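**Student:** Here you go, sequence then predicted model.
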Amino acid sequence: MLNITIDTCVWLELLKVDFNNEDNYLEELCFWIENKHIKHIVPTNIIAEWNRNKITYQNDIAGHFKKIETDNLKFFKHNTELSSTYKTEIIETNVQKRIERIDLILNSYSEKAPHNDTILKDAADRNLQTLAPNYKKDSFRDTVNILSLTYHLKSKGYAKSIFTSLNYKDFSVDGGKRFELHSNLISDFNAANLTYEYFGELKDFGTKLFNLLRKELAANSFQVYLKNKKDKEEAAALAVKKSVATTTITSPDADYLENIKYIDMILARKTPTAFEQELIKSLIRRHDSYKQYFLSNIGNNGLV
């Protein structure tokens, strides 16, 4: 099984991505970890870091989106669908749900890598010698995290593990090579069968890591899971429609259940396009069951 350790900074950044899309990096990571397709190993100090920062970050995110709403969305104040996306209370609720999800993963779905006196002494020695992750600044806690992880992995004898972080200033090669591990850390990582993956930023945010993980976990694809989930939901909805159809629609067309999905989508729009209007007319001309369905549902979305 592939093991992964996710640095605090990555968890914190994942809190604010893709609230309105179920197919996002946070959901995908949680799916793999919660279903034991991948093992998450967490140094106990990372849990402490997470607990120390999560509420502050929640407030920062709410403030960030409130500023977006104030500065940018004022031009769309009459577009309720757009402005509601960034309402502060919605952001706070979504971030809180994500915080609770990560809390559960760290405490219930993760293997712990504790530190001890030996690790603390080694971390202090590395700190004094200014060895990465201390080569630019005092990063004692990051050193404790890495030593806790490498000591734990070596004791377990795991074959393949990944450490991912946004903290390139401490872990990466100096001179802008953010995806390359610092030379001070190579021997420690190799001894623990551990690889370093910089999480990335801007257009590269998460891309390299998730391409790697999706290749490794192709048999447990999150996208396939979402498709199957959607198919089940649509099948359940169609079953309800079929039940309604048998009692309210006289002699439905052979393709009735499939075609009324298009009618539903068009009825849900406030202003159907000319093409969509023609599609409705075409279905009505094709079979009387579509006329019955259309007339029975036209008032559900205010189209009267």
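**Tutor:** Structure's in. What do you need?

**Student:** any residues touching the helix or strand that contains F179, and which ones?
**Tutor:** In the assignment (DSSP states H and E), F179 maps to strand 177-181. Identification of contacts with strand 177-181 by Cβ atoms under 8 Å, 6 or more residues apart in numbering yields 168, 171-173, 189, 196-198, 208. All C-beta atoms are positioned from the backbone trio N, CA, C, and that covers glycine.

**Student:** what pLDDT, on average, does it get?
**Tutor:** Strand 177-181 shows a mean pLDDT of 92.

**Student:** Give the buried residues for that strand.
**Tutor:** 178, 180-181 (16 or more other Cβ atoms under 10 Å).

**Student:** Would you mind writing the CA trace of that strand as PDB?
**Tutor:** C-alpha atoms of strand 177-181 as PDB (Å, rounded to 0.1, in the frame of the first residue of the first chain):
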ATOM      1  CA  LYS A 177      14.000  24.300  -7.800                       C
ATOM      2  CA  ARG A 178      10.900  23.800  -5.700                       C
ATOM      3  CA  PHE A 179      10.200  20.200  -6.800                       C
ATOM      4  CA  GLU A 180      13.700  18.900  -5.900                       C
ATOM      5  CA  LEU A 181      14.500  17.800  -2.300                       C
END
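
**Student:** Following the chain onward from it, which element is next?
**Tutor:** Heading C-terminal from strand 177-181 (DSSP H and E), you reach helix 183-191.

**Student:** Most neighbours of all the contacts of strand 177-181, which one?
**Tutor:** In terms of neighbours by other Cβ atoms under 10 Å, the contacts of strand 177-181 top out with F171 at 25 neighbours.

**Student:** That residue reaches L194, doesn't it?
**Tutor:** No: assessed by Cβ atoms under 8 Å, F171 is found out of contact with L194, at 11.6 Å.

**Student:** sorry, back to before: widest-spaced pair of the contacts of strand 177-181?
**Tutor:** F189 and K208 (16.9 Å; Cβ to Cβ).

**Student:** shaky segments in the chain?
**Tutor:** Scanning the chain for pLDDT under 70 picks out 65-66, 68-88, 175, 238, 240-248, 250, 298-304.
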